[in-house]
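# Only the shape, not the letters, is given here:
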């Protein structure tokens, strides 16, 4: 995955299906349902890591404040944390 060899995915999926393991077959079915997107994700140099990190951080702040305050406090905590 770190070398961006998305073109090998089809070969890997075929090998995984032949293993005939229920949990792997479920994973393979999920991947094949959107094969173009998964292949692009494994091939292209784009990375959404920083965005996902911020989303996870905001969700954590929201969980910490659950039931205590509204959007304005969450907004202030997000903006002041940066």
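Sure thing, it's come through. For clarity, every value in this text was computed on a predicted model and none was experimentally measured.
# residues of the longest helix seen in the chain that come out buried?
When the chain is parsed with DSSP state H, its longest helix is helix 49-64. Within helix 49-64, no residue qualifies as buried by neighbour count (16 or more other Cβ atoms under 10 Å). C-beta coordinates here come from the backbone N, C-alpha and C atoms, glycine included.
# Stretch 6-25 now?
In terms of neighbour count (16+ other Cβ under 10 Å), stretch 6-25 has its buried residues at 9, 13.
# What's the end-to-end length of it?
This stretch, stretch 6-25, spans 19 Å end to end (Cα to Cα, to the nearest Å).
# what about the longest helix of the chain, average pLDDT?
Averaging pLDDT along helix 49-64 yields 85.
# Contacts for it next, please.
Helix 49-64 is touched from outside by 74, 77, 78, 81, with contacts defined as Cβ atoms under 8 Å, 6 or more residues apart in numbering.
# Quick one: buried ones out of those residues?
For these, a burial check counting by 16+ other Cβ under 10 Å picks out residue 74.
# can you list the domain ranges for the chain.
Per the record, the chain has its domains at 6-43, 49-81, by automatic domain parsing.
# ok, of those domains, where does mean pLDDT dip lowest?
Lowest mean pLDDT within those: domain 49-81, a mean of 82.
# Ends of that one, what's the gap?
When the termini of domain 49-81 are compared using Cα to Cα, they are 19 Å apart.
# One more: stretch 28-47?
23 Å.
# Tell me the buried residues in that stretch?
In terms of neighbour count (16+ other Cβ under 10 Å), stretch 28-47 has its buried residues at 28, 31, 38, 39, 41, 42.
# From the chain's centroid, how far away is the longest helix of the chain?
Its chain's C-alpha centre and that of helix 49-64 lie 13 Å apart, by Cα atoms, centre = their mean, to the nearest Å.
# cool, and stretch 53-70?
In terms of Cα atoms, centre = their mean, the centre of stretch 53-70 is set 19 Å apart from its chain centre.
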